[in-house]
Every structure is written in C-alpha cells, then in structure tokens.
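1. build me a model:
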Amino acid sequence: MGADENAAIVRRGYEAFNSGDLATLTELFDVDAVWHTPGRSSLAGDHRGRDATFAYFGRLAQETGGTFQARLQDLVAGDELVVGIQHNSAERDGKQLDVDTCLVFKLEDGHVIEGWEHFRDQYAWDEFWS
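-> Take a look at the predicted model:
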C-alpha cells in the first residue's frame with residue numbers, strides 16, 4: 001500500500017481507539033501485531049499479539065476511568081511506516097497526564113504489524129502510571 005492508504009488506516013485507528021471501537025481496531029491490527037511501550041511503569045514492555053496489544057490499550061482506559069485520550073496532531077506517512085504525533089491526556093488517582101507522544105506504526109498489507117511509542121517526557125509518563 002502507498003503512503004496515502006497507510007495514512008488513512010492510521011487515522012481510522014486513532015478514531016477507533018478514542019471511541020472504543022474494538023471492531024475497527026481488530027480489522028486494522030494484524031493478529032500477530034507487536035506493541036512496544038518504553039519506560040519503567042507497570043505498562044512498559046513488548047505486548048506481543050493483537051490480544052496483548054488490546055489488553056494494554058484496555059488498561060489505558062480502565063486505569064483512567066475512560067479519560068485517556070490520544071489526540072492526533074500530525075501524521076507523516078510512507079509506504080511502510082507512519083508516524084503519528086499526538087497529545088495524551090488522562091486523569092488517574094488525582095494525577096493529570098499531559099504528555100506529547102510520537103507513535104511509529106509499521107504496516108503491511110493494510111494492517112498494523114508493529115508499533116513503537118516515544119514519549120517527549122518519559123518521566124512524566126512513568127510517574128502518572130506509578
């Protein structure tokens with residue numbers, strides 16, 4: 001697929017993620033997708049497989065009482081990789097999350113096969129989840 005198609009897939013993914021549309025996310029993510037989350041929080045690690053990736057996404061919602069949002073600010077797409085620049089916000093245990101993030105998505109045959117999160121302020125991300 002080309003850059004425009006890949007950008008459209010990732011944009012659909014953001015919309016589905018923020019609205020809790022698991023059916024669309026299931027359509028967009030490969031069953032063997034791997035999601036990489038850096039840091040030292042309980043959420044850090046490599047989430048292998050669509051089910052593990054979705055379990056991680058579910059924790060973002062569950063542990064913030066549904067307040068977690070990933071607001072897409074910009075997108076750069078190529079034939080294999082798409083970079084989403086986003087702002088994350090949430091509330092949890094009296095804490096506020098307010099951190100910019102860069103996500104790198106690897107796509108193959110119209111499906112996300114791998115994702116890497118990069119936080120502008122890794123310490124703020126880790127502190128929020130501690």
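
2. ok now stretch 21-36, how far from the chain's centre?
-> 11 Å (CA atoms, centre = their mean, to the nearest Å).

3. quick one: average confidence on it?
-> Regarding stretch 21-36, the rounded mean pLDDT is 98.

4. list the contacts of it.
-> 9, 12-13, 15-17, 46-50, 52-54, 56-57, 108, 111-117 (CB atoms under 8 Å, 6 or more residues apart in numbering). Every residue, glycine included, has its C-beta placed from N, CA and C.

5. how about stretch 86-97?
-> Against stretch 86-97 from outside (CB under 8 Å, 6+ apart): 14, 60, 63-65, 67-73, 98-103, 124-125, 127-129.

6. and the longest helix for this protein?
-> Counting residues, the longest helix found in the chain (DSSP state H) is helix 3-19.

7. with just CA atoms, put that one into PDB.
-> Only the C-alpha atoms of helix 3-19 are listed here, as PDB (Å, rounded to 0.1, in the frame of the first residue of the first chain):
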ATOM      1  CA  ALA A   3       1.500   6.400   1.900                       C
ATOM      2  CA  ASP A   4      -2.000   7.800   1.400                       C
ATOM      3  CA  GLU A   5      -3.600   4.500   2.100                       C
ATOM      4  CA  ASN A   6      -1.400   3.900   5.200                       C
ATOM      5  CA  ALA A   7      -2.200   7.400   6.500                       C
ATOM      6  CA  ALA A   8      -5.900   6.700   6.100                       C
ATOM      7  CA  ILE A   9      -5.600   3.400   8.000                       C
ATOM      8  CA  VAL A  10      -3.800   5.000  10.900                       C
ATOM      9  CA  ARG A  11      -6.300   7.900  11.000                       C
ATOM     10  CA  ARG A  12      -9.100   5.300  11.200                       C
ATOM     11  CA  GLY A  13      -7.200   3.600  14.000                       C
ATOM     12  CA  TYR A  14      -7.000   6.800  16.100                       C
ATOM     13  CA  GLU A  15     -10.700   7.400  15.600                       C
ATOM     14  CA  ALA A  16     -11.500   3.800  16.600                       C
ATOM     15  CA  PHE A  17      -9.100   4.000  19.600                       C
ATOM     16  CA  ASN A  18     -10.600   7.200  21.000                       C
ATOM     17  CA  SER A  19     -14.200   6.000  20.600                       C
END
